[in-house]
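>>> for reference, the sequence and a predicted model appear below.
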Amino acid sequence: MAIKTEYYCDIAIKTIQLKTATIQQAANLKQALEYDMNHKIGKFIIDLSGCEFFDSTFLGVLVVTLKKVRKTGGDLKIIKANSVSQLLLQRIGGSKIFDMFDTVEEAIKSFDNINTPQPLYPINYVSAQSMYNNNSFGV
């Protein structure tokens, strides 16, 4: 699967499991993000740590999603990409657009209000498959 989704409380964590993320993967990411937004998830962490390159379409999905979720009180955080992708983000001013973190744990702690569901999943990540009846996204 190209995009792995896990949940921590009311936060969706999307790990991009690709070296290169282009227009096709952007469409898959958009679908996965919209699915979560339709299910009242508004806090996202996008883990780009394994992604070496992403194109403008992929980046556009992240920017559009960020704008949508901020309108409803949510947010989108980025786990820093490797050196090449990090350089791309710096050149386009990504650090001015996105909150960026070194680890998922740091990103989780940065959210102001984490709504802990009772009693479904108290502290561990929960896979998307167990939460949404095996709906999967990716190539």
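Cool, got the structure. Residues are numbered from 1 along each chain as shown.

>>> low-confidence ranges in the protein?
Of all residues in the chain, those with pLDDT under 70 make up the ranges 1, 81-86, 95, 113-139.

>>> just the strands in it please.
Along the chain, the stretches classed as strands by DSSP state E are 3-8, 11-16, 20-21, 43-47, 53-54, 75-79, 99-101, 126-127.

>>> contacting residues for the residue sitting nearest the centre point of the chain?
In the chain, the C-alpha nearest the mean C-alpha coordinate belongs to I46, at 2.6 Å (Cα atoms, centre = their mean). If you count contacts by Cβ atoms under 8 Å, 6 or more residues apart in numbering, I46 has them with K14, I16, L62, L76, K77, I78, I79. C-betas here are computed from N, CA, C, even on glycine.

>>> return the member of those residues nearest to G42.
Nearest to G42 among those, counting by Cβ to Cβ, is L76 at 9.1 Å.

>>> the closest one: how many residues sit nearby?
24 (other Cβ atoms under 10 Å).

>>> just checking, it touches V63?
No. Using Cβ atoms under 8 Å as the test, L76 is too far from V63 to be in contact (9.0 Å).

>>> before we move on, the earlier item: which of the contacts of I46 count as buried?
K14, I16, L62, L76, K77, I78, I79 (16 or more other Cβ atoms under 10 Å).

>>> where's the second one relative to K71, distance?
With distances defined as Cβ to Cβ, to the nearest Å, the gap from I16 to K71 amounts to 24 Å.

>>> contacts only, for the closest residue to K77 other than its chain neighbours.
Spatial nearest neighbour of K77, excluding adjacent residues (Cβ to Cβ, 6 or more residues apart in numbering): A107 at 4.2 Å. Counting by Cβ under 8 Å, 6+ apart, A107 makes contact with I45, K77, I78, I79, D99, F101.

>>> next one: the fourth one from Q90, what distance?
Which is I79. 15 Å.

>>> isn't D99 up against I108?
No. D99 lies out of contact with I108 (Cβ under 8 Å); the separation is 11.9 Å.
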